[in-house]
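[1] please find the sequence and the predicted model below.
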Amino acid sequence: MATGRGSRLRTFAARPGECSETVNAGIKSLYLTPPIKPNVCIESMPSEILLKIFSYLDAVSLLSVGCVNKCFYELANDNGIWLKLYSSSFHPKWTIWKMKSKQTETVSLGCAAVHDKEPGYWKKEYIFKQTCAFKTRVMRLVKFLDPYTGLPCKNKEAMKVSGLCWIIVLKDKNGKERVVEKPNLSFKDTSVTVLWYGTDWPCLDILSTLKLFGVTPLLPDQSRPHNKNGPRRFSLIAEYHLANLTESSVTIGADELVQLFSLSPGLLVGIWKEKNEIAFVMANLHYNQLLERSILGSATVQYVPPPNKPLLDDIDSEYGLHDYSLHLDLHGRNCMYLCRSFKCLFCRKRDIENGYLRLRVVNLKDNRKHFPIIGTLGICWETDVFKGNVKDCFVVDLTLLDETGKPFWCFSAPVRMELSTESSGLYDYMGHIYTADYSDSEGKVCLEFVWLEETKEYIIVSLVLYVSTKKVNSWYGTNY
């Protein structure tokens with residue numbers, strides 16, 4: 001008789017009557033079923049092997065893998081791995097160079113730097129150093145100023161270098177947050193307009209706050225494109241309260257589909273008329289200290305600029321009242337209506353009243369300084385499906401410079417036009433008068449237009465700035 005498993009199978013199959021379909025099926029499955037492989041999970045691997053794997057990762061990948069679970073977080077904080085990254089990036093004093101086979105190697109002077117520090121020490125040091133170098137590189141671009149406006153002229157380049165973008169975070173009354181990204185950007189001479197829209201906004205009735213953030217990669221790498229899924233740094237720019245939005249905010253205008261509501265500073269919220277739901281959110285960001293506000297703040301605290309150091313002039317009796325310069329832009333997001341500069345603005349002491357300095361830019365009685373507005377005033381908006389234009393409103397970008405050319409009062413905000421009850425008493429213009437006003441804690445702006453029906457255009461006949469004396473006194477060290 002043959003021996004072995006194959007011969008036993010043949011012997012068993014040769015005995016009719018003792019075989020059944022169930023037995024044959026079991027024997028068949030014994031030979032056809034592949035062997036069961038043990039489950040191998042990376043989390044079950046020894047820590048030494050995981051550390052060896054992690055040592056080949058870059059800093060961004062290490063931070064990402066540390067978010068997987070507690071075990072990976074502790075391993076990704078290993079001082080030995082981060083010390084190696086720190087050494088290769090910054091070449092500190094405690095490293096020496098040895099030449100072997102025409103190759104340069106960085107060798108640490110002892111293990112004290114690894115074992116004497118708490119876990120994660122060199123990770124924090126690496127991130128801190130990289131952050132400082134990143135901020136220095138970006139802020140270097142801010143120093144290039146436009147002589148025309150007195151503002152940084154390399155904002156687009158700085159945005160590209162830093163990977164900067166802007167997002168909004170909507171928070172409902174239950175504390176749940178929703179992040180809205182991927183806005184449309186519209187750049188102007190002195191501001192950028194950021195527009196967010198979509199089809200799945202949360203219900204307006206349950207929303208409590210809206211936060212505007214500047215977002216940059218935590219560890220930007222100029223050699224490769226920015227990874228939006230990597231660790232990021234948030235800088236709070238502004239926070240707005242959305243409770244009772246339609247009742248507590250200023251109505252800017254409306255068209256057939258949406259109604260615009262303004263929230264200070266510089267935010268527009270478009271609401272669908274039929275549904276009482278958000279259609280879009282539009283933020284108007286002035287270039288003055290925009291990069292600092294978008295990068296140097298934290299996720300909970302806004303960037304606070306350093307206080308201006310006043311240089312008191314004892315000789316000039318009207319110090320702080322003259323030699324102002326104004327750059328004024330009027331636009332509707334995509335359309336530019338006005339772009340002009342005004343020099344040598346001043347205020348006499350007798351014109352200081354009610355806590356304001358009056359700077360008359362365009363005099364109603366001096367028609368030589370009157371000038372027209374290009375196009376029909378309105379703010380353009382869009383969503384995934386619809387586009388529109390809300391008439392009789394626009395965005396004001398105001399940049400007031402002091403006598404040294406330093407930005408003194410800046411803002412970018414939407415305003416609405418209102419028909420005045422007065423009729424034009426000017427001999428040169430016969431038409432309806434419209435007014436547009438803006439105010440904040442630092443001052444007020446009053447604009448007057450005349451509509452010329454024959455030529456279908458607006459003429460600015462009056463422009464007056466009222467600057468707060470508190471602002472002037474704190475800036476110049478005076479006591480008006």
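    Sure, I can see it.
[2] what helix or strand is the nearest residue to residue 78 once chain neighbours are set aside located in?
    Nearest non-adjacent residue to residue 78, counting by Cβ to Cβ, 6 or more residues apart in numbering: residue 51, 6.0 Å away. For glycine as for every other residue, the C-beta is placed from the backbone atoms N, C-alpha and C. When secondary structure is defined by DSSP states H and E, residue 51 falls within helix 47-54.
[3] same thing with residue 133?
    Residue 133 is located in helix 121-142, with elements delineated by DSSP H and E.
[4] before we move on, what about residue 240?
    Residue 240 belongs to strand 232-241 when elements are defined using DSSP H and E.
[5] go on, residue 347?
    Once you assign secondary structure using DSSP H and E, residue 347 falls outside every helix and strand.
[6] residues near it, how many?
    Applying the criterion other Cβ atoms under 10 Å, we find 22 residues in the vicinity of residue 347.
[7] wait, what's in contact with it?
    Contact criterion Cβ atoms under 8 Å, 6 or more residues apart in numbering gives 321-322, 357-359, 467 as the residues in contact with residue 347.
[8] again, but for residue 326
    Residue 326 sits next to 341-342, 345, 359, 361, 398-401, 465 when contact means Cβ under 8 Å, 6+ apart.
[9] make it 10 Å
    340-343, 345, 359, 361, 398-401, 408-409, 463, 465 (Cβ atoms under 10 Å, 6 or more residues apart in numbering).
[10] bridged to it, which residues?
    Residues found in beta-bridge contact with residue 326 (criterion: DSSP bridges) are residue 342, residue 400.
[11] where's it relative to residue 465, distance?
    With distances defined as Cβ to Cβ, to the nearest Å, the gap from residue 326 to residue 465 amounts to 7 Å.
[12] again, but for residue 354
    Counting by Cβ to Cβ, the gap between residue 354 and residue 465 amounts to 14 Å.
[13] on that earlier part again, tell me the angle the very next helix or strand once past the helix holding residue 133 makes with strand 232-241.
    Note on helix 121-142: by DSSP H and E, the next helix or strand toward the C-terminus is helix 155-162. Angle between the axes of helix 155-162 and strand 232-241 is 130 degrees (criterion: axes from the mean of the first three to the mean of the last three Cα atoms, to 10 degrees).
[14] and helix 155-162, what's buried?
    Counting neighbours by 16 or more other Cβ atoms under 10 Å, one finds that the buried residues in helix 155-162 are 155, 158-159, 161-162.
[15] go on, stretch 451-469?
    Across stretch 451-469, burial judged by 16+ other Cβ under 10 Å covers 451-452, 457-469.
[16] likewise stretch 258-274?
    Using 16+ other Cβ under 10 Å, the residues of stretch 258-274 that count as buried are 258-263, 265-272.
[17] could you save the residues you listed as CSV and add columns showing secondary structure, pLDDT and distance to residue 139?
    Rendered in CSV, the data for the buried residues of stretch 258-274 read as follows (DSSP: H, G, I helix; E, B strand; the rest coil; pLDDT from 0 to 100; distance: Cβ to Cβ, whole Å):
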residue, secondary structure, pLDDT, distance to residue 139
258, strand, 94, 39
259, strand, 94, 40
260, strand, 95, 35
261, strand, 94, 35
262, strand, 94, 31
263, strand, 92, 29
265, coil, 89, 23
266, coil, 91, 23
267, strand, 94, 26
268, strand, 95, 30
269, strand, 95, 32
270, strand, 94, 34
271, strand, 94, 38
272, strand, 93, 41
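[18] farthest pair within the residues you listed?
    265 and 272 (24.4 Å; Cβ to Cβ).
[19] thought residue 79 was touching the residue nearest to residue 78, still the case?
    No. Using Cβ atoms under 10 Å, residue 51 is not in contact with residue 79, being 11.1 Å away.
[20] more neighbours: which of these two?
    It is residue 79, of residue 51 and residue 79, that has more neighbours when counted by other Cβ under 10 Å, with 21 against 14.
[21] show me the strands in the stretch 1-150 of the chain, by range?
    Read by DSSP state E, counting those that start in this stretch, the stretch 1-150 of the chain holds these strands, from start to end of the chain: 95-100, 103-108.
[22] ugh, typo on my part, it should be the stretch 301-450 of the chain
    When assigned using DSSP E, counting those that start in this stretch, the strands of the stretch 301-450 of the chain occupy the ranges 324-331, 336-345, 356-362, 371-372, 378-382, 387-391, 393-401, 407-416, 418-423, 432-440, 443-452.
[23] helices or strands up against the third one?
    Looking back up the chat, that one is strand 356-362. Contact partners of strand 356-362 among helices and strands, from 3 or more Cβ pairs under 10 Å, 6 or more residues apart in numbering; DSSP states H and E: strand 324-331, strand 336-345, strand 443-452, strand 457-468, helix 469-476.
[24] could you give the angle of that strand to strand 443-452?
    Here strand 356-362 runs at 30 degrees with respect to strand 443-452, directions being taken by the same axes, to 10 degrees.
[25] would you mark the buried spots in strand 356-362?
    Quick answer for strand 356-362 (16+ other Cβ under 10 Å): 356-362.
[26] got the helices and strands packed on strand 356-362 as CSV, with distance to residue 239 columns?
    Converted to CSV, these look like this (distance: least, Cβ to Cβ, whole Å):
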stretch, distance to residue 239
strand 324-331, 26
strand 336-345, 30
strand 443-452, 23
strand 457-468, 23
helix 469-476, 23
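[27] would you mind putting those into CSV with mean pLDDT alongside?
    Shown next, in CSV, are these (pLDDT from 0 to 100):
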stretch, mean pLDDT
strand 324-331, 95
strand 336-345, 93
strand 443-452, 92
strand 457-468, 93
helix 469-476, 92
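[28] just to revisit the earlier point, for the helix holding residue 51, buried residues please.
    When neighbours are counted by 16+ other Cβ under 10 Å, the buried residues of helix 47-54 are found to be 50, 54.
[29] now that helix: mean pLDDT?
    On average, the pLDDT along helix 47-54 is 88.
[30] where does the protein have low pLDDT?
    1-40, 91-115, 221-229, 312-314, 423-430 (pLDDT under 70).
[31] wait, what's in contact with the closest residue to residue 341 other than its chain neighbours?
    Nearest in space to residue 341, with sequence neighbours left out and distances taken as Cβ to Cβ, 6+ apart, is residue 327 at 4.9 Å. Counting by Cβ under 10 Å, 6+ apart, residue 327 touches 146, 148-151, 189-190, 339-342, 397-401, 407, 410.
[32] over to residue 286?
    So residue 286 contacts 151, 188, 190-192, 265-266, 293, 397-399, 407, 410-413 (Cβ under 10 Å, 6+ apart).
[33] for residue 116, see how far away the residue lying closest to residue 329 once chain neighbours are set aside is.
    Counting by Cβ to Cβ, 6+ apart, residue 329 lies nearest to residue 397, which is 3.9 Å off, once chain neighbours are set aside. Distance, residue 397 to residue 116, by Cβ to Cβ: 55 Å.
[34] comparing the two, which residue is more hemmed in?
    Per other Cβ under 10 Å, whichever of residue 397 and residue 116 has more neighbours is residue 397, with 26 against 10.
[35] just checking, the more buried one touches residue 333?
    No. With contact defined as Cβ under 10 Å, residue 397 does not count as touching residue 333 (11.5 Å).
[36] which neighbours do those two have in common?
    With contacts taken as Cβ under 10 Å, 6+ apart, the residues that reach both residue 397 and residue 333 are 188, 193, 284.
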